[in-house]
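Novice: need the 3D shape of this:
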Amino acid sequence: MNGWTDIRASGWVARLPPFWRPYALLGRFDRPIGAWLLLLPGFWAFALAAPQGAEGLRLALLFTLGAFAMRAAGCVVNDLWDRDLDRQVERTRGRPLAAGTVTPLQALVFLAALCVAGLLVLVQLPPTAILVGLGSLLLIALYPLAKRVTDWPQAVLGLVFSWAAPTGYAAATGGLGWPALALWAAGFFWIFGYDTIYAHQDRKDDAQVGIRSTALRLGAGTARFLAFCYGVMMALLVAAGWMAGLSWLYLPALLPAAALLARQVLTLDIDDPARCEMLFRSNREVGFAIALAFLAGRL
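Specialist: Below you'll find the predicted structure:
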């Protein structure tokens, strides 16, 4: 495949039976970073509030399975909406629906199977968590439209990808509270920032085909925007820890995550797609560092 693409058709995907390879690519199973980023706000909630021991591990396993299924489902929805646009963008023209290796009907059947898998996970959670989780479905369906009607589609993704925080808190405690809302808001600003980095990979192609994004809106001002988003995020994380009654160990334990975020701001090059992808992917380490900080605060 010529040109810049983030599709990984080699490795374990290449060893799958030929029939399954396009579905692995359609669900982005070749690139699990999106599933991790969807899952990690849920891990924050478990690290902050989940019971210790077997129940915490059970919830983490359920959310991991659910995140991988629902992230794949969201990718299928996105690619169904965008298959004509994807053919015009260098990074995405090799996606299965855009390339014609999967038909829309086949994609819908795959989507139904993924939704069933997600539902099987969801129904094992407490009633409040089920209701909170179901509340994300409309935003998931509408997100692909956002890039056509607003310069801030990354804000819509922020609402969707941070949803695991209140859902996880409800699963861990049986209800919601101010710490859950602080986690959700912190996740929103985190995602708003890192998805803007991600959008810079497609900035030039998006401008040509009429797709809107914060990357296009902000341009050279992206680093300042990231500093704002990540600063608000860290303040909200401190507030969540304070409201949850964590020990003083929580604050120094947050410093590694703050340093990783600062590196994104200071080393961003919006004209280098490979660097944008690398910085975007580094947010998995940020998310795990935050979860570890919450655990440290519970010591």
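Novice: what mean pLDDT does the one helix or strand Leu39 maps to have?
Specialist: Element membership for Leu39, per DSSP states H and E: helix 33-49. Per-residue pLDDT values over helix 33-49 give a mean of 92.
Novice: dump the C-alpha coordinates for the host helix or strand of Ala113 into PDB.
Specialist: Per DSSP H and E, Ala113 falls inside helix 104-122. Output in PDB follows, covering the C-alpha atoms of helix 104-122 (Å, rounded to 0.1, in the frame of the first residue of the first chain):
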ATOM      1  CA  PRO A 104     -21.900  -2.800   3.600                       C
ATOM      2  CA  LEU A 105     -24.200  -5.800   4.300                       C
ATOM      3  CA  GLN A 106     -21.300  -7.900   5.600                       C
ATOM      4  CA  ALA A 107     -20.300  -5.000   7.800                       C
ATOM      5  CA  LEU A 108     -23.800  -4.700   9.200                       C
ATOM      6  CA  VAL A 109     -23.800  -8.400  10.100                       C
ATOM      7  CA  PHE A 110     -20.400  -8.000  11.800                       C
ATOM      8  CA  LEU A 111     -21.700  -4.900  13.600                       C
ATOM      9  CA  ALA A 112     -24.600  -6.900  14.900                       C
ATOM     10  CA  ALA A 113     -22.300  -9.600  16.300                       C
ATOM     11  CA  LEU A 114     -20.100  -7.100  18.000                       C
ATOM     12  CA  CYS A 115     -23.200  -5.400  19.600                       C
ATOM     13  CA  VAL A 116     -24.400  -8.700  20.900                       C
ATOM     14  CA  ALA A 117     -21.000  -9.300  22.500                       C
ATOM     15  CA  GLY A 118     -21.100  -5.900  24.100                       C
ATOM     16  CA  LEU A 119     -24.600  -6.400  25.400                       C
ATOM     17  CA  LEU A 120     -23.600  -9.800  27.000                       C
ATOM     18  CA  VAL A 121     -20.900  -7.900  28.900                       C
ATOM     19  CA  LEU A 122     -23.200  -5.000  29.800                       C
END
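Novice: same for that helix, what does it pack against?
Specialist: Counting by 3 or more CB pairs under 8 Å, 6 or more residues apart in numbering; DSSP states H and E, the packing neighbours recorded for helix 104-122 are helix 21-26, helix 54-86, helix 96-99, helix 127-134. C-beta here means a position set from N, CA and C on the backbone, and glycine is covered the same way.
Novice: including mean pLDDT and mean neighbour count, could those go into a markdown table?
Specialist: Below are the helices and strands packed on helix 104-122 laid out as a markdown table (pLDDT from 0 to 100; neighbours: other CB atoms under 10 Å):
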| stretch | mean pLDDT | mean neighbour count |
| --- | --- | --- |
| helix 21-26 | 88 | 21 |
| helix 54-86 | 87 | 19 |
| helix 96-99 | 85 | 21 |
| helix 127-134 | 92 | 18 |
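Novice: possible to save those as TSV with distance to Leu145?
Specialist: Putting these into TSV (distance: least, CB to CB, whole Å) gives the following:
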stretch	distance to Leu145
helix 21-26	20
helix 54-86	7
helix 96-99	17
helix 127-134	20
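Novice: out of these, which is closest to Leu292?
Specialist: Nearest to Leu292, of all the helices and strands packed on helix 104-122, is helix 54-86, at 13.5 Å by CB to CB.
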